[in-house]
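# kindly generate the corresponding structure for this input.
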Amino acid sequence: MAITWLMRSHLPVEEFESWVKIAEPLIKRSKNDSVKFDFKITQGATRLEYGQYDIGMELLLDGKKEGEENLDSQAVTWIDYMIGRHYFNQGDKVTSLEYIKESINMMPANSSPLKRASRYMVYGVLCVQNDRIDEGIQNQLIGLEMKRANKLWNHITVSLNNLAEVYLKIGDTIKSIEYIDRSLVLADSIQDLDGLMYASFLKGSILQKQGDFRTSLPYLENAMKWWENENRLSNLTRGYENILITYKGLGKKNETIETLEKFMALKDTLFNSAKIEGAKDIEAKYESEKKELEILKEKQEREWAEKETRLTKKTERQNFIIFIIVSLFLIISIIYLYIRFKNQRRDKNTILNQKLLIEVRSQEIEDSIIYAKRLQSAIMPTIEVVENSFKSAFVLYTPKDIVAGDFYWMDRVADTTLIAAADCTGHGVPGAMVSVVCTNGLNSAVRQHGLTEPNAILDKTREIVVGQFAKSGKNVKDGMDISLCSIKNKTLKFSGANNPLWLVRKTEHVSTEDQQIKGNMVGEGYTLIQTKGDKQPIGLSDHQSPFNQTEIELLEGDIVYLLTDGYADQFGGINEGVLKADGKKFKYSRMKKLLLDNCQLPFDQQHAILKQTFDTWQGDLEQLDDVCIIGFSV
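Alright, predicted model coming up:
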């Protein structure tokens, strides 16, 4: 569901906690055990990442127990993997290795290739960290081959970089550089900025260890700039350590001091974010390292001061002036060229980052809305249930967006069938949220209060909906228009909020007086009789009154239609000679005639004709609103 996506989106802690508070009461009321389980383990993993170790571990271990009881090996392996990552981040490499190995052994055969490859890769890294080099390389190569065989190009750079680090660790510099260069080429070709920057850092580190400080500097600086922009704290720690050595080797005083200050600030951030009570050994280590960095900074400043003093005493005035002039010229030229290069590179990276961010966010939002559609569909009866509840029936349900403000509702109490077509305020996500409140109101009126009369159900639903929105403390006028009827044997009772009921009956059974009533329409052998709903919504309004109710005795051959306004309000008709660029409305009169002309056809053909006519009328124009039409006979 949406909260699971949000928890995996690396939100700030405060924003994450606010979403959890919103979601928890909804999750508790849910009857879907899988949704509750997914919420629990995802929240546990996220809290571990935020440093809330006690709560996070308790949720994950509780989830693991539940997964084992339900024989959910997929979930159990994922939990073992997340706990293993936690112990790895805490420096407990032995325990981490045990969990990751268990995760691999328990992984179901139908797991995705990416999951299997990632577990082998992480296990290989842990083996290397525990000095089991051969086993580590073998598992990493297995993971790499899985990714290559399944064309998972965006994940191959991680494996190449990890293998490069392994060979660097055992002193095989040639092999390490070979993997780094392969990673650089692949990452650049697929625009994998994360993999590209890490490979660049590794290349710079090797060159720095070889004493080639000048060549290593651009590689290290590119990686550092990107990591700082992306707030990659764990990578920045290693990065600052390496680039400090390079700056010192090149004699760059200002850069050395500036980097030392950043390094100290990073140490503060890392230790402040951990929040592990009683971790005195970590705290002592932090203070020790902080003092060492301060001493190093002071020592560096003294060395530069002494060097400048010696240089001033030894240099003659004439040579000093020449040196200053030449140096200034070179510095200005270098700064100009560097700023120009930096701006070009920054602009390019900014555009790429924004493009990637927009694509990822768009996909995440779409996935979340699609999941919301599944939830909305779950609270409505299936079309098959509606069709099987009557002699003949059809439902035409066409949302404007992925989720909708229109919905259809049905319930059965003893020998009475209740059915409705409703149109909530708005459409899309806002309309769908209002539809959940209104659906709950209808269900509560029938199931908790035992009401079966349509007018009483609407009165109680309005009371519930207004009460729900009143909790916000604001004057919320959202609600719905609805056509609701009950059917018991051949007796139909109707009550509506702004929306009508249409009854198609053979003309021979309709009086001449009824045929001439405004709103009714006479066709070839059949007449459409309109029963209007009350001019008030289900929601807060200026003039509220009890809803009226109409009782109709159905005859053989009668057809009942319940509908919202989306079909009649659709603009279009350009393909049928309408001259206005934005078309014109379909209107209720054209819709009534369409139903009368096709009322003798089977219901599945009526559905097809309504859908085809709507699509043809709309043409290339945008759909204006949600569409919901129900037709049935008893």
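# does the residue nearest to Tyr397 when sequence neighbours are not counted count as helix, strand or coil?
Computed as Cβ to Cβ, 6 or more residues apart in numbering, the closest residue to Tyr397 that is not its neighbour in sequence is Cys628, at 5.4 Å. Quick note: C-beta positions are derived from backbone N, CA and C, even for glycine. Using DSSP: H, G, I helix; E, B strand; the rest coil as the criterion, the local structure at Cys628 reads strand.
# burial count for Cys628?
Using other Cβ atoms under 10 Å, Cys628 has 26 neighbouring residues.
# ok, now Glu221?
Neighbours of Glu221 (other Cβ under 10 Å): 20.
# again, but for Gly431
24.
# apart from its neighbours in sequence, what residue is nearest it?
Using Cβ to Cβ, 6+ apart and skipping the chain neighbours, the partner closest in space to Gly431 is Gly405 (2.2 Å).
# who's in contact with Asp411?
417-418, 442-443, 446-447 (Cβ atoms under 8 Å, 6 or more residues apart in numbering).
# list the contacts for the residue nearest to Pro113 when sequence neighbours are not counted?
Distances taken as Cβ to Cβ, 6+ apart place Asn150 nearest to Pro113, at 4.1 Å, with adjacent residues excluded. Shown in contact with Asn150 (Cβ under 8 Å, 6+ apart): 113-114, 117.
# quick one: buried ones out of the contacts of Asp411?
By neighbour count, with 16 or more other Cβ atoms under 10 Å, the contacts of Asp411 hold 417-418, 442, 446 as buried.
# sort out for me which of those residues are in helices.
Residues of the buried ones among the contacts of Asp411 located in helices (DSSP state H): Leu442.
# show me which pair in the buried ones among the contacts of Asp411 is furthest apart.
Farthest apart among the buried ones among the contacts of Asp411 by Cβ to Cβ are Thr417 and Leu442. That separation is 13.9 Å.
# I figured Ile100 hits Arg119, correct?
Yes - under the criterion of Cβ atoms under 8 Å, Ile100 makes contact with Arg119 at 6.6 Å.
# joint contacts of those two?
Here Ile100 and Arg119 have Tyr81 as joint contacts, going by Cβ under 8 Å, 6+ apart.
# for the residue nearest to Gln618 when sequence neighbours are not counted, phi and psi?
Spatial nearest neighbour of Gln618, excluding adjacent residues (Cβ to Cβ, 6+ apart): Gly572 at 4.5 Å. Backbone torsions for Gly572, taken as degrees, to the nearest 10, come to phi 170, psi -150.
# need the contact list for Gly572.
Here Gly572 is in contact with 578, 583-584, 586, 616-619, 621 (criterion: Cβ under 8 Å, 6+ apart).
# export these as CSV, with columns for neighbour count.
Formatted as CSV, the contacts of Gly572 follow (neighbours: other Cβ atoms under 10 Å):
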residue, neighbour count
Val578, 15
Gly583, 21
Lys584, 15
Phe586, 22
Thr616, 12
Trp617, 22
Gln618, 19
Gly619, 14
Leu621, 15
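# ok, so of these, who is nearest Arg310?
Nearest to Arg310, judged by Cβ to Cβ, of those is Leu621 at 81.3 Å.
# tell me which element the closest one is part of?
Counting by DSSP states H and E, no helix or strand carries Leu621.
# please tell me I have it right and it contacts Phe571.
Yes - at 5.8 Å, Leu621 counts as touching Phe571 under the criterion of Cβ under 8 Å.
# who touches both of these two?
582-583.
# still on that earlier bit, what pairs with the residue nearest to Gln618 across the strands?
Counting by DSSP bridges, Gly572 is bridged to Lys584.
# any chance of a markdown table for the buried ones among the contacts of Asp411, columns pLDDT and distance to Gln549?
Converted to a markdown table, these look like this (pLDDT from 0 to 100; distance: Cβ to Cβ, whole Å):
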| residue | pLDDT | distance to Gln549 |
| --- | --- | --- |
| Thr417 | 96 | 16 |
| Leu418 | 97 | 13 |
| Leu442 | 95 | 16 |
| Val446 | 95 | 15 |
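# and the residue nearest to Gln618, how close does it get to Leu202?
Distance, Gly572 to Leu202, by Cβ to Cβ, to the nearest Å: 60 Å.
# what of Gly44?
In terms of Cβ to Cβ, Gly44 sits 33 Å off from Leu202.
# check Ser176 too.
Distance, Ser176 to Leu202, by Cβ to Cβ: 8 Å.
# who's more crowded, these two?
Applying other Cβ under 10 Å to Ser176 and Leu202 shows that Leu202 carries more neighbours, namely 26 against 22.
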